[in-house]
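Colleague: Provided below are the primary sequence and the corresponding predicted coordinates.
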Amino acid sequence: MGGEPQDVSYAECESFLRIGERNRLRENVTVHRGTQPGSETRIGSDCLIMVGAHIAHNCKVGDRVIMANNVAMAGYVEIGDGAFISGGAMAHQFTRIGRLAMIGGMSKIVQDCLPFSITDGRPGRACGLNIVGLRRAGFASNKIRVLKQAYRILLRSNLSLENAIDKMNQLDDPAVNELVEFVKASTRGFCH
């Protein structure tokens with residue numbers, strides 16, 4: 001925990017690892033501190049990080065995140081609250097995994113993974129909503145239906161991204177708004 005980052009640009013400096021409360025980090029987990037002076041790697045609270053997982057420098061891991069065995073997160077990866085990352089999945093640096101997303105085992109993540117969705121494969125592809133995760137998080141059936149509608153608009157309608165976002169905004173739902181903001185903030189693109 002808190003070892004020197006595996007980054008060729010790292011020069012000896014004071015940087016940090018901040019870990020929240022009630023986390024379980026199992027055997028052989030490695031988490032490196034930030035690369036630049038004063039920077040940090042951050043893990044929220046109530047996370048389960050299983051055997052052999054690696055969280056590189058400058059990552060930001062939300063609350064209630066589960067990482068199964070041998071997951072590897074490159075530098076600057078951001079993981080939203082309640083995400084579930086299955087065994088052996090790997091994420092490229094600077095990618096983002098949205099809130100309540102589920103990543104399939106052995107997935108290769110090279111673009112952002114949408115919140116509330118399942119992403120699977122090599123490379124990762126959006127496969128549908130994370131219905132089980134949404135129910136466990138307390139989403140009512142009507143809220144899940146609206147998210148399904150937004151998902152279809154974004155990924156199945158063949159609309160341009162701009163038109164899809166306009167149509168999603170008309171749904172006037174907080175979770176859909178979160179999805180829209182996530183897509184708009186993407187610099188690497190997102191898994192389709």
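Modeller: Structure's in. What do you need? None of the values given here were measured: they were computed from a predicted structure.
Colleague: name the residues of the host helix or strand of V180 that come out as buried.
Modeller: Taking DSSP states H and E as the definition, one finds V180 inside helix 174-184. By neighbour count with 16 or more other C-beta atoms under 10 Å, helix 174-184 contains the buried residues 175-176, 178-180, 182-183. For the C-beta atoms, the positions are set from N, CA and C on the backbone; glycine is no exception.
Colleague: want to throw those into a markdown table with pLDDT?
Modeller: Below are these laid out as a markdown table (pLDDT from 0 to 100):
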| residue | pLDDT |
| --- | --- |
| A175 | 98 |
| V176 | 98 |
| E178 | 98 |
| L179 | 98 |
| V180 | 98 |
| F182 | 98 |
| V183 | 98 |
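Colleague: circling back to that earlier point, touching the helix holding V180 from outside, list them.
Modeller: Outside of helix 174-184, the residues that reach it under the criterion C-beta atoms under 8 Å, 6 or more residues apart in numbering are 96, 98-99, 112, 114-116, 139, 143, 146-147, 150, 154, 161, 165, 168-169, 190.
Colleague: what subset of those residues is buried?
Modeller: Buried by 16+ other C-beta under 10 Å: 96, 98-99, 112, 114-116, 139, 143, 146-147, 150, 154, 165, 168, 190, out of the contacts of helix 174-184.
Colleague: restricted to helices, list these.
Modeller: Secondary structure from DSSP state H places 143, 146-147, 150, 154, 165, 168 of the buried ones among the contacts of helix 174-184 in helices.
Colleague: farthest pair within these?
Modeller: Greatest spatial distance among these (C-beta to C-beta): K143 and I165, at 19.5 Å.
Colleague: residues contacting D46?
Modeller: The neighbourhood of D46, defined by C-beta under 8 Å, 6+ apart, consists of 20-23, 63-64.
Colleague: typed the wrong thing, it's K167
Modeller: With contacts defined as C-beta under 8 Å, 6+ apart, K167 is in contact with 153, 157, 159.
Colleague: again, only using 10 Å
Modeller: Under the criterion of C-beta atoms under 10 Å, 6 or more residues apart in numbering, the contact partners of K167 comprise 149-150, 153-154, 157, 159.
Colleague: kindly report the same for V8.
Modeller: With contacts taken as C-beta under 10 Å, 6+ apart, V8 has the following neighbours: T35.
Colleague: would you mind giving me the confidence score for it?
Modeller: The pLDDT attached to V8 in the predicted structure is 92.
Colleague: again with G52
Modeller: pLDDT for G52: 98.
Colleague: my guess is it contacts L25. True?
Modeller: No. No contact is recorded between G52 and L25 when judged using C-beta atoms under 10 Å, the distance being 11.1 Å.
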